[in-house]
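Colleague: Generate coordinates for the sequence data below:
(one chain, ligands or ions: 1)
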Amino acid sequence: MYDVLIIGAGGAGLSAALEAKKEGAKIAVFCEGYPTRSQTSMAQGGINAALANVEEDSIAQHVEDTLKASGEIGSKKMILKMCEDAPKIIKWLESIGMPYSRTEDNKIAQRRLGGASSQRACYAQDFTGLKILHTLYDQCLKEGIEFLNEKFLLDLSVEENVIKGVTVLDIRSTEVEFYKAKTIIIATGGYSALYHGFTTNTNQSTGDGITAALNAGAKLSNMEFVQFHPTGLKKSGILISESARGAGGYLINQKGERFTDELAPRDQVSRAIYAQLKEGNEVFLDIRHFGEAFIDEHIPQERKLAITYEGVDPVTELIPIAPVAHYSMGGISVNENMMSSIDGLFAVGECAQSGVHGANRLGGNSLLEIVSFGRLAGLSASKYSQSVDYQDTEVSMYDIEEIYNTPNEINFYEKREELGKELYKNIGIVRDEKSLLSAQALILKMEKELEVMGLGDRSRVYNTNLTELIKFRNSIALSKIIVQGALDRKVSLGAHYREN
Ligand SMILES: Cc1cc2nc3c(=O)[nH]c(=O)nc-3n(C[C@H](O)[C@H](O)[C@H](O)COP(=O)(O)OP(=O)(O)OC[C@H]3O[C@@H](n4cnc5c(N)ncnc54)[C@H](O)[C@@H]3O)c2cc1C
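Modeller: Numbers count the residues shown, from 1 in each chain. Just a heads-up that it's a prediction; the model follows:
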């Protein structure tokens, strides 16, 4: 029996773990892979805090930019809470070893990201997420936190709206296991990988924790808001960070024309690129004027990614780009303590809808949210667990045999490609009633077809075919909700842009 069980070992899960442990709770962290491979490791641009190390800035300005980017539907109270905490978070991370880039006078360096009125994002070259994740993980190891790796979340047990435990799949043995807990924190990340083939995210981000919470009866919100990042590499969708535009990079078409304010919020820039592509133009990011020394010092990873995945060297060549799904604003609805509508079930990070991003997230605010609210979730859950008088539960086990017995008449990998294409085309940067209804029809058809989408590999040892099929089933469940949300929201707002 655990006081606090954390599902997910990205920045949100690890921050929660450290705080819960400090409170003396008996805790463990589960994840489907290994902590250092979490999506957080890919974050490049930076983490926001109004430190005013490089130019004038204030918490009020940070709040204003965040609210504006959110389409004015973010929660002022939660935004203020996060922005006020930001300078403390930066210091706390530094105190546990975060190696920030520095200014010449040895302050933490800061740079501008899109939609920000000041150079506010603290960074570590373009490895900011990786360094934060490793710093947090090192600290977790030092604190002796228990990690249960390669455990895949299947479902949550809830009785009379109270969390009782979690069922997971041991990926190595394919055994189904049940763990009792007084509280559970879901920290499994977002769902942009539903846009398979058109996303900066890895295959991890299929919103599994959101589906498990939904199946357990938790409330979700804002699922139709998916952020498209303007500068994915054209061939692969791999991200070229906003820090490249923040440092003065241009967006141009094949005629060499600039066509937008490069530092406007992401939804606006993505739509401007979309319009260019629709007219038959090609779009490029141009950072040649930075020079090799600047690129190698401040954004070395971007250069390497462009060379490896696009075959161009940004020191001398243009980088072909296209907007791709990047961040999901919707998720499990939580209150100001990060508790969901189910007692004892908490959610934090990209899987949660805490009110800070509204209809569109400001760059640099997610890393801030996962650490700030991650710590809050750990504290809230451990405090809450002290008040719980745990009544034993009937162990409900997920029926894995049902999946093994499903006939394999349709290859779900092909369907995953098809779903990704459909979502990008019809629930993408620009939507309309017709495109949404077409996507809905396809999703419902695929839902039916799940009855005959089984396993190609029926082995009982380390079966990745099994976890990928479960992820595909989750993707269908969430796609249904995204399209319904998009149909219900008739007017354009933030990342949700409707032509009619
Ligand atoms: C390329 C890229 C660059 C970015 N750059 C920035 C940036 O510069 N600044 C910024 O603020 N934000 C940035 N973001 C966004 C930010 O990185 C993420 O929103 C944030 O890291 C999410 O953290 P998380 O802890 O919520 O989830 P994640 O880091 O995604 O971690 C989720 C965890 O849950 C586990 N998990 C998932 N499913 C299951 C399951 N079924 N069973 C068990 N475990 C599971 C995973 O293994 C992982 O450990 C970027 C995102 C991307 C993709």
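Colleague: what's the average pLDDT for the top strand by length along the chain?
Modeller: Longest strand in the chain by number of residues (criterion: DSSP state E): strand 175-186. Average pLDDT, strand 175-186: 96.
Colleague: Could you pull out the buried residues of it?
Modeller: By neighbour count with 16 or more other C-beta atoms under 10 Å, strand 175-186 contains the buried residues 176-186. (Glycine included, C-beta is placed from N, CA and C.)
Colleague: Apart from its neighbours in sequence, what residue is nearest the residue in the stretch 301-450 of the chain that the ligand sits nearest to?
Modeller: Nearest to the ligand, among the residues of the stretch 301-450 of the chain, is Gly349, at 2.3 Å (C-beta to the nearest ligand atom). Of all residues not flanking Gly349 in the chain, Ala12 sits nearest, at 2.7 Å (C-beta to C-beta, 6 or more residues apart in numbering).
Colleague: Please look at the one you found and Ser354 and confirm they touch.
Modeller: No. Using C-beta atoms under 8 Å, Ala12 is not in contact with Ser354, being 10.5 Å away.
Colleague: who touches both of the two?
Modeller: Common contact partners of Ala12 and Ser354 (C-beta atoms under 8 Å, 6 or more residues apart in numbering): 348, 369, 373.
Colleague: Out of the residues you listed, grab the one that's most surrounded.
Modeller: In terms of neighbours by other C-beta atoms under 10 Å, the shared contacts of Ala12 and Ser354 top out with Val348 at 33 neighbours.
Colleague: so what's the closest residue to it other than its chain neighbours up against?
Modeller: Spatial nearest neighbour of Val348, chain neighbours left out: Ala377 (4.0 Å); criterion: C-beta to C-beta, 6+ apart. Ala377 makes contact with 12, 16, 19, 185, 187, 337-338, 346-348, according to C-beta under 8 Å, 6+ apart.
Colleague: Quick one: neighbours of Phe294, just the number.
Modeller: 14.
Colleague: Compute the number of surrounding residues for the nearest residue to it once chain neighbours are set aside.
Modeller: Leaving aside its chain neighbours, Phe294 sits nearest to Ala247 (7.5 Å; criterion: C-beta to C-beta, 6+ apart). Ala247: 16 surrounding residues under other C-beta under 10 Å.
Colleague: so Ala247 sits right up against Ile295, yeah?
Modeller: No. Using C-beta under 8 Å, Ala247 is not in contact with Ile295, being 9.2 Å away.
Colleague: and for these two, which residues touch both?
Modeller: Both Ala247 and Ile295 are contacted by Ile287, under the criterion C-beta under 8 Å, 6+ apart.
Colleague: mean confidence for stretch 448-468?
Modeller: Stretch 448-468 carries an average pLDDT of 96.
Colleague: Between its first and last residues, how far does it reach?
Modeller: By C-alpha to C-alpha, to the nearest Å, the extent of stretch 448-468 from end to end equals 18 Å.
Colleague: ditto for stretch 112-125
Modeller: For stretch 112-125, the first-to-last residue distance is 13 Å (C-alpha to C-alpha).
Colleague: so what's Arg431 up against?
Modeller: Contacts of Arg431 (C-beta under 8 Å, 6+ apart): 486, 496-499.
Colleague: who wins for neighbours among the residues you listed?
Modeller: Ala486 (24 neighbours).
Colleague: Model confidence score at it, please.
Modeller: Predicted confidence (pLDDT) for Ala486: 98.
Colleague: What is the neighbour count of the closest residue to it other than its chain neighbours?
Modeller: Leaving aside its chain neighbours, Ala486 sits nearest to Glu224 (4.1 Å; criterion: C-beta to C-beta, 6+ apart). Per other C-beta under 10 Å, the neighbour tally for Glu224 reads 26.
Colleague: re earlier: so who does the residue of the stretch 301-450 of the chain closest to the ligand touch?
Modeller: By C-beta under 8 Å, 6+ apart, the neighbours of Gly349 are 8, 10-13, 187-189, 369-370, 373-374.
Colleague: if we go to 10 Å?
Modeller: 8, 10-13, 15-16, 38-40, 185-190, 209, 331, 338, 366, 369-371, 373-374, 377 (C-beta atoms under 10 Å, 6 or more residues apart in numbering).
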